[in-house]
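Trainee: The following block contains a protein sequence and its predicted model.
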Amino acid sequence: MAISIPSVSPTDRRVIAIVIDALDECDGEANVKRLLNILTQTKVASNVKIRVFITSRPELHIRLGFRSVSGNYEDLVLHEIPEDVIRRDIKAFYIENLNTIREEYNLSINDDRRLADTWPGDENIKALVKKAVPLFIFAATVCRFISQRRSASPDTQLQKVLAFETKSHESKMNPTYLP
């Protein structure tokens, strides 16, 4: 495995981000250990800052691999993130995505069918956030559902989501995976 760091001039200050998703799905525990070792041993110019973002389930060999890492790393356990932070992030996700859905929809239809500039509205955002917390995947799936225009307008799709009732985190996951 080779990691290539782009060359930069001495006056250029750069941040390089490396994203490794699902480290636990890497074949072989030795490969995981080798990758972690390579990442901690990488030498770069002083004007380059490397940030590595790794996602993984907390498998034993991965936890042990991180214990042997020299240098700085921050362990972020998702189920330990405060609910108010999750709520804020999901709200921001909904606002950004639903605004994009509204803008794209309004560009593609006649003026008389456009969604209001205030769509979906603060109360609907609050209701969507309440349904989603703590499951970000639920919010992402809802946005995909609302954007599917083959079935109906975004507002009609939104009303279907708002009418759906959930009782627990587990029951929130059920409709996420339905066709």
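Mentor: Everything's here; your move.

Trainee: Going by secondary structure, the closest residue to Ser147 other than its chain neighbours is in what exactly?
Mentor: Here the nearest residue to Ser147 in space, its sequence neighbours aside, is Ile101; by CB to CB, 6 or more residues apart in numbering that works out to 4.9 Å. All C-beta atoms are positioned from the backbone trio N, CA, C, and that covers glycine. Ile101 belongs to helix 83-108 when assigned by DSSP states H and E.

Trainee: Toward the C-terminus from that helix, list the very next helix or strand.
Mentor: Heading C-terminal from helix 83-108 (DSSP H and E), you reach helix 122-132.

Trainee: How about residues contacting that following helix?
Mentor: Contact partners of helix 122-132, identified using CB atoms under 8 Å, 6 or more residues apart in numbering, comprise 87, 90-91, 94-95, 98, 120, 138-139, 142, 158, 161-162, 164, 166, 172.

Trainee: Tell me the secondary structure at Ser56.
Mentor: Of the three states, Ser56 takes coil according to DSSP: H, G, I helix; E, B strand; the rest coil.

Trainee: how much space is there between it and Arg34?
Mentor: Ser56 sits 15 Å away from Arg34, going by CB to CB, to the nearest Å.

Trainee: now swap in Val69 and tell me
Mentor: Separation of Val69 from Arg34 (CB to CB): 13 Å.

Trainee: Need phi/psi at Gly121.
Mentor: phi 90, psi 150 (degrees, to the nearest 10).

Trainee: Report pLDDT for the residue located most distally from the centre of the chain.
Mentor: Each residue of the chain has a distance to the centre, and by CA atoms, centre = their mean the biggest one is for Asp112: 34.8 Å. Among the per-residue scores, Asp112 shows a pLDDT of 94.

Trainee: How is the protein divided into domains?
Mentor: Using automatic domain parsing, the domain ranges for the chain come out as 14-76, 80-176.

Trainee: Can you say which of those is packed in most?
Mentor: Highest mean neighbour count of the domains of the chain: domain 80-176, a mean of 14 (counted as mean count of other CB atoms under 10 Å).

Trainee: Measure how far that one is from the centre of its chain, please.
Mentor: Computed by CA atoms, centre = their mean, to the nearest Å, the chain-centroid distance of domain 80-176 equals 15 Å.

Trainee: OK, contacts around Ser147?
Mentor: Contacts of Ser147 by CB under 8 Å, 6+ apart are Asn97, Ile101, Glu104, Pro154, Gln157.

Trainee: I'd guessed the first one sits against Cys143; true?
Mentor: Yes. The pair Asn97 and Cys143 qualifies as a contact (CB atoms under 8 Å) at a distance of 4.3 Å.

Trainee: ok, now how distant is the spatially most central residue of the chain from Lys91?
Mentor: Residue closest to the average C-alpha location in the chain (CA atoms, centre = their mean): Phe136, at 7.3 Å. For Phe136, the distance to Lys91 (CB to CB) stands at 11 Å.
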